[in-house]
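**Q** I'll drop the sequence and a predicted model, then ask my questions.
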Amino acid sequence: MSAKPRKKPDELRSHRWYGVNDLRSFGHRSRTAQMGYHRSEYAGKPVIAIINTWSEINPCHTHFRQRAEEVKRGIWQAGGFPVEMPAISLSEPFQKPTTMLYRNLLAMETEELLRSYPADGCVLMGGCDKTTPALIMGALSMNLPAIFVPAGPMLRGDYQGGFLGSGSDTWKYWAELRAGNISEQDWREVEEGIARSPGHCMTMGTASTMTSATEAMGLTLPGAASIPAPDSRHAQMASQSGKRIVDMVWEDLCIRDIVDARAIHNAVTTVLALGGSTNAIVHLIALARRAGVALDLERFDALARRTPVLADVRPSGRFLMEDFYYAGGLRGLMSRITDLLQPDAPTVNGRSLGENLHGAAVHNPEVIRPRDNPLVASDGLAVLRGNLAPDGAVIKPPAMEAHLQRHTGPAVVFDDYNDMAARIDDPALPVTADSVIVLRSAGPQGAPGMPEWGQLPIPRKLLQQGVRDMVRISDARMSGTSYGACVLHVAPESHVGGPLALVRDGDLIALDVPGRRLELKVDETELAARRAAWTPPAPRFSRGFGALYLKHVSQANEGCDFDFLGHAGAAAEDPEIH
Ligand code: FES
């Protein structure tokens, strides 16, 4: 596919380290010998960096130690020299305040590992939410040949004869526990059964969404993203990926040769057909900017209007990723939307996306719906604008109760997460099912890190009345496994003076999803007075990575990348330093 001539050994980037005959290269060779490698094992071979986000604190990547060995097996067989390089893991369940604070750190680490060491190509090993976009963002900025090995979803959760879905069923049974409908023992059984194998969350959360987007972009071998983590076919995919990256180096097939406007279009369309996580909006905008491809919120909204949701997978649908795999996986789904994709887009295996979809089939039309019976005909995501969100906000209509799509109600405002936690269940809180709950200080700078707090809890007294959904608004993100009438990513955020900072208890807020509007029904004179009286809160960090983050992070509609990284820029090597 690549029109470039095949590389010769002395044209490899690693030749600078290993192939020349000077004092520095003596050091590189003697130290490689120190690690037990004979010169014949690496001389003239592509050095493949395996960027592995394995960690003992990341349950989604527990199999990555073994998978790295399988990747290495493929690299050796194809005549490459594998070098495993661990990178910060970003463990979604454990890292506080949120992994999103560190996405750009992993992206920087990936880019700098590749730049500073003798990598000719790389295998990116990720899956748990932010690891996928971070690895790709960093690799895009360095622009070497790259292939992605997705962690794969974990097996279905198991509970009292039924299935449990990551995240979604946590929220569901937590609400039932608070409403008094299940016992502490039931809740304990949910805890023990909901995550029972290696692999990332197995609902259509951020992990499944982003690994699927990565495959749609052409950065994995065909079918890779849907294989459950413990399946033996996952190990085979890892070794095949290792084999392929060696040839990609000789072909000089670099990541930016693959991630172009067609690839981004295919990623967005696929995410929409999956009913994917709203987090994909932030990540794909950041990633597209690194690739030099224009992508904004309007593009998501325009594509959502014409793209049906075909994956009947939780939280929007009924099934889980294991079912999705058996039903034909992502190739099956994409084969049903080829007319909405750009099939001539290149992929890592040297063939086009369309060529890779030949022979793809759907084996269970309940899980991957036909076009004439979609889960949702269109509008898997919607972008809202209005005086409460001048730079946009997003909502996931299929995950909300339909009667709330047009709703006006009085605001109940919480200044920050702690305020909300302290008062949300207060029996005296003046809240009804018609209220609109507002949380501020939850954006990129305010929280900081834009955590997944956007599925604001429903007050206990309303849960006990049977209320299971109401309009909630914040500048936070929401877990892809969450659901509800939650307006997210309000930009600009309250912490930098966005209109969310001006809302007061009792103000009327109007949500109109079909009309794509989000309005604060307060006249402009009053808002101007409130704006004049507003004082910016103090920054949350004064030193360290947090201070760097606060100084440079962009708003949600711009992808939350750092201003000095969030563009295609020059990917050229730094001046050669000996
Ligand atoms: Fe890792 Fe959900 S916790 S993907």
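**A** It's in.
**Q** quick one: contacts for Pro539?
**A** Shown in contact with Pro539 (C-beta atoms under 8 Å, 6 or more residues apart in numbering): 445, 547, 550. In short, each C-beta sits where N, CA and C put it, glycine included.
**Q** any idea how far it is from Ala139?
**A** 31 Å (C-beta to C-beta, to the nearest Å).
**Q** got it, and Leu164?
**A** Between Leu164 and Ala139 the distance, using C-beta to C-beta, works out to 34 Å.
**Q** quick one: which of the two has more around it?
**A** Comparing Leu164 with Ala139 by neighbour count (other C-beta atoms under 10 Å), the higher total belongs to Ala139, at 30 against 25.
**Q** pretty sure the more buried one is touching Cys254, no?
**A** No. In terms of C-beta atoms under 8 Å, Ala139 does not count as a neighbour of Cys254; the distance is 9.4 Å.
**Q** So for the two, which residues contact both of them?
**A** A shared contact of Ala139 and Cys254, defined by C-beta under 8 Å, 6+ apart, is any residue touching both; here these are Ala146.
**Q** Over to His28: give its phi and psi.
**A** For His28, the backbone dihedrals (degrees, to the nearest 10) come out as phi -60, psi -40.
**Q** If we ignore the residues flanking it in sequence, what's nearest it?
**A** Nearest residue to His28, sequence neighbours excluded (C-beta to C-beta, 6 or more residues apart in numbering): Trp17, at 4.7 Å.
**Q** And the lowest-mean-pLDDT helix or strand in the chain, what's buried?
**A** Lowest by mean pLDDT, DSSP states H and E among the helices and strands of the chain is helix 168-178, with a mean of 88. Of the residues in helix 168-178, those scored as buried under the neighbour-count criterion (16 or more other C-beta atoms under 10 Å) are 168-173, 175-178.
**Q** Any idea how far the helix or strand following that helix is from the middle of the chain?
**A** The C-terminal neighbour of helix 168-178 among helices and strands, as given by DSSP states H and E, is helix 184-193. The gap between the average C-alpha position of helix 184-193 and the chain average comes to 28 Å, counting by C-alpha atoms, centre = their mean, to the nearest Å.
**Q** same deal with stretch 278-290?
**A** The answer for stretch 278-290 is 8 Å, by C-alpha atoms, centre = their mean.
**Q** Ok, stretch 548-562 next?
**A** Taking C-alpha atoms, centre = their mean, the mean C-alpha location of stretch 548-562 is offset from the chain mean by 16 Å.
**Q** State the distance spanning the first to the last residue of that stretch.
**A** Across stretch 548-562, the straight-line distance between its terminal residues is 9 Å, by C-alpha to C-alpha, to the nearest Å.
**Q** ok, now stretch 310-329?
**A** Stretch 310-329 has an end-to-end distance of 12 Å (criterion: C-alpha to C-alpha).
**Q** average pLDDT for it?
**A** Confidence over stretch 310-329 (mean pLDDT, whole number) is 95.
**Q** Now do the helix or strand that contains Trp250: which elements does it pack against?
**A** According to DSSP H and E, Trp250 maps onto helix 232-251. When contacts are defined as 3 or more C-beta pairs under 8 Å, 6 or more residues apart in numbering; DSSP states H and E, helix 232-251 packs onto strand 47-52, helix 64-77, strand 121-126, strand 146-150.
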